[in-house]
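Peer 1: Predicted structure and sequence below. I'll ask about it afterward.
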2 protein chains.
Amino acid sequence: MKMLINVAETVVTDALRGMAAAHPELVVDVEQRVIVRRDAPVVGKVALVSGGGSGHEPLHGGFVGPGMLDGACPGEVFTSPVPDQVVRAAAAVDSGRGVLFVVKNYTGDVLNFRMAVELAQDEGIQVASVLVDDDVAVSDSTFTAGRRGTGATLFVEKIAGAAAEDGLPLERVEAVARRVVESSRSFGVALSACTTPAKGSPTFDLPPGELELGVGIHGEPGRERRPMMTSGEIADYALDVILEDLQPRLPVLVLVNGMGATPLLELYGFSAEVRRVLDEREVPVARTLVGNYVTSLDMAGCSVTLCQVDGEMLRWWDAPVATAGLRWGC
Amino acid sequence: MKMLINVAETVVTDALRGMAAAHPELVVDVEQRVIVRRDAPVVGKVALVSGGGSGHEPLHGGFVGPGMLDGACPGEVFTSPVPDQVVRAAAAVDSGRGVLFVVKNYTGDVLNFRMAVELAQDEGIQVASVLVDDDVAVSDSTFTAGRRGTGATLFVEKIAGAAAEDGLPLERVEAVARRVVESSRSFGVALSACTTPAKGSPTFDLPPGELELGVGIHGEPGRERRPMMTSGEIADYALDVILEDLQPRLPVLVLVNGMGATPLLELYGFSAEVRRVLDEREVPVARTLVGNYVTSLDMAGCSVTLCQVDGEMLRWWDAPVATAGLRWGC
């Protein structure tokens, strides 16, 4: 498998050097693998820190900036950051009003962020954390007890990030983040496996002519394999699963997310089918976002995430954000 | 080859339905394949219209909005839009101050836009057009006499778009666009071929372990094939070719552009190597943009574009833009 890299060992630090060069508005500590807003700590504001394995870009480093995360700590590819990284990020961004950790539900992340909470509290930092577990495809999976955390992470970081900018205290920002998690569901499909730099070959075998329904963002197995389906059939399947579980009573935010190698032309075509299904089911759509946001290296495929929102959540969704990966209103 | 589509015949219209659903700020005529700003025509402003084959998203439809294009007309995949589409877009966006066509240098686009200029003038629309031909890899190529138009299209549409927002008359907006073309050079590499929906198999053969240096955005052949190189070696090679031709005397804008299937993690790593080379050559960097902007469906690989800018061009680059694919400052 060919990759645009130097050697597998430096993939993450090379990318961080690139982020540092491209984004003077960020402080990138390449050695310690911590990315923070240049203006951190922001006085009077609760800070948000997230992190996780690399390979899902722009998540999380690409979501650091005004209106979203204050700091992020990338681990090795598909590997949790270590507790020291998380504590370092928390210390760099804490203004005294506390730090919320946004954690995707994978065993390594859960353990390391839990340890980071203790270490940060030992340093006198007030910390809360929220677990994102939006993937309805399977309960329990490779690397996960319970549901996996996937596309809803973007909604949590954006909406809770805006709530923090509004000056809410830690316990209320935490409550907003939990509300977003409870209001969100995701489902993903893979048309091809991804290849990690360290392994150099696909992480799983997907026969020609088949797709994996319910795949995770590390290529974890889903619900089933089927002969290739049309984008309309995939939208029907994915939204059946999501809507049965979510049963939305409010308008939804829609994220049509590319896994990495699927062209934007196809993602927009798929989003048309997603909208068709939501119209058929009479689910009102508040906003739609289409693109590569929570990726899985070079996997072909997509995921769809719905988040039902009240007026306050929608206002925080629409609030200004200025990050490398998501930007509007400023 | 698996794709996230319904059938090959509806790929472009399906994507346009998706754009219409996701972007209420655009008017998308799915039948006629024309995308325009909802507030068009903008009184007192020169309008910009571009278009070309689909498969390069977010180019061009994703660059329609305040600060960039007023309208875009997508053709079939890798196929020029027809003159009628272009004229329809021009008529929809012309405020009376005239329309600038931004045309990438491919034979079909050149012919059809030339015909569109005549037809639009017959309708009483004042029209100018600028040809983008920034790809230094080869002179003459499949589909092209002279150099191909690639990544610089983004710089032209952004900078001339900002100049138009500033109220400049048509001949001056045209001159700005030409200045951007003259100041820009690109070079691309492919790690894999792309697959068009209609063909369903890769557009060319690239043996395992080799890369194509100087590839075009439709998989046109480049300068040579070599055994796979590191991202550092690719940056050295690409910038050698670009800098020899451009010989910049001013700071440069840098676009590190993904062809479609290369992970953002790798693109940022490559951009670190691009910066290293520019530092070594003592070329000052004004701004860097990293991501998938001028793509080639699911091709793996990247291109690098430099555009040397004076203070005025840099101010237009930094000016607010609000499109689906590029957005800042508003």
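Peer 2: Right, received. Where do you want to start? Numbering: from 1, shown residues only, chains lettered A, B, ... in the order given.

Peer 1: How about the secondary structure of A:Glu233?
Peer 2: Here A:Glu233 is helix, with the state taken from DSSP: H, G, I helix; E, B strand; the rest coil.

Peer 1: same check, this time on the one 4 residues further on
Peer 2: Three-state secondary structure (criterion: three-state DSSP) places A:Tyr237 in helix.

Peer 1: Distance check, it against chain B.
Peer 2: 13 Å (CB to the nearest CB, to the nearest Å). Any C-beta I mention is one placed from the backbone N, CA and C, and that applies to glycine too.

Peer 1: Also A:Ala89?
Peer 2: 19 Å.

Peer 1: do the same with A:Ser50
Peer 2: For A:Ser50, the distance to chain B - CB to the nearest CB - is 16 Å.

Peer 1: ok, which stretches of the stretch 101-250 of chain A are helices?
Peer 2: For the stretch 101-250 of chain A, applying DSSP state H, counting those that start in this stretch gives helices covering A:107-122, A:152-165, A:170-182, A:231-246.

Peer 1: looking at these, which is buried most?
Peer 2: helix A:152-165 (a mean of 27; mean count of other CB atoms under 10 Å in any protein chain shown).

Peer 1: angle of that one against helix A:170-182?
Peer 2: 150 degrees (axes from the mean of the first three to the mean of the last three CA atoms, to 10 degrees).

Peer 1: ranges for the strands of the stretch 151-300 of chain A?
Peer 2: For the stretch 151-300 of chain A, the strands defined by DSSP state E, counting those that start in this stretch occupy A:184-190, A:210-213, A:224-227, A:252-258, A:285-291.

Peer 1: The last one - what's its average pLDDT?
Peer 2: In other words, strand A:285-291. On average, the pLDDT along strand A:285-291 is 98.

Peer 1: Give me the nearest residue to A:Arg223, chain neighbours excluded.
Peer 2: Distances taken as CB to CB, 6 or more residues apart in numbering or on different chains put A:Gly214 closest to A:Arg223, at 3.8 Å, once the chain neighbours are dropped.

Peer 1: Including mean pLDDT, could the helices of the stretch 101-250 of chain A go into CSV?
Peer 2: Shown next, in CSV, are these (pLDDT from 0 to 100):
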stretch, mean pLDDT
helix A:107-122, 98
helix A:152-165, 98
helix A:170-182, 98
helix A:231-246, 98
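
Peer 1: Could I get those helices in JSON lines, plus columns for distance to B:Val241?
Peer 2: Converted to JSON lines, these look like this (distance: least, CB to CB, whole Å):
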{"stretch": "helix A:107-122", "distance to B:Val241": "43"}
{"stretch": "helix A:152-165", "distance to B:Val241": "38"}
{"stretch": "helix A:170-182", "distance to B:Val241": "48"}
{"stretch": "helix A:231-246", "distance to B:Val241": "39"}
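
Peer 1: if we can go back for a sec, make sure the residue nearest to A:Arg223 is actually in contact with A:Val189.
Peer 2: Yes - between A:Gly214 and A:Val189 a contact is recorded at 7.3 Å, counting by CB atoms under 8 Å.

Peer 1: Now for the residue nearest to A:Val176 when sequence neighbours are not counted: which residues touch it?
Peer 2: Excluding its sequence neighbours, the residue lying closest to A:Val176 (CB to CB, 6+ apart) is A:Ala163, at 4.4 Å. Contact analysis of A:Ala163 by CB atoms under 8 Å, 6 or more residues apart in numbering or on different chains lists A:Arg172, A:Val173, A:Val176, A:Trp316.

Peer 1: got the end-to-end distance for stretch A:210-222?
Peer 2: 13 Å (CA to CA, to the nearest Å).

Peer 1: Could you give the average pLDDT over it?
Peer 2: 94.

Peer 1: measure the most centrally placed residue in chain A to chain B for me?
Peer 2: For chain A, the residue nearest the mean C-alpha position is A:Thr153 (3.8 Å; CA atoms, centre = their mean). Going from A:Thr153 to chain B by CB to the nearest CB gives 16 Å.
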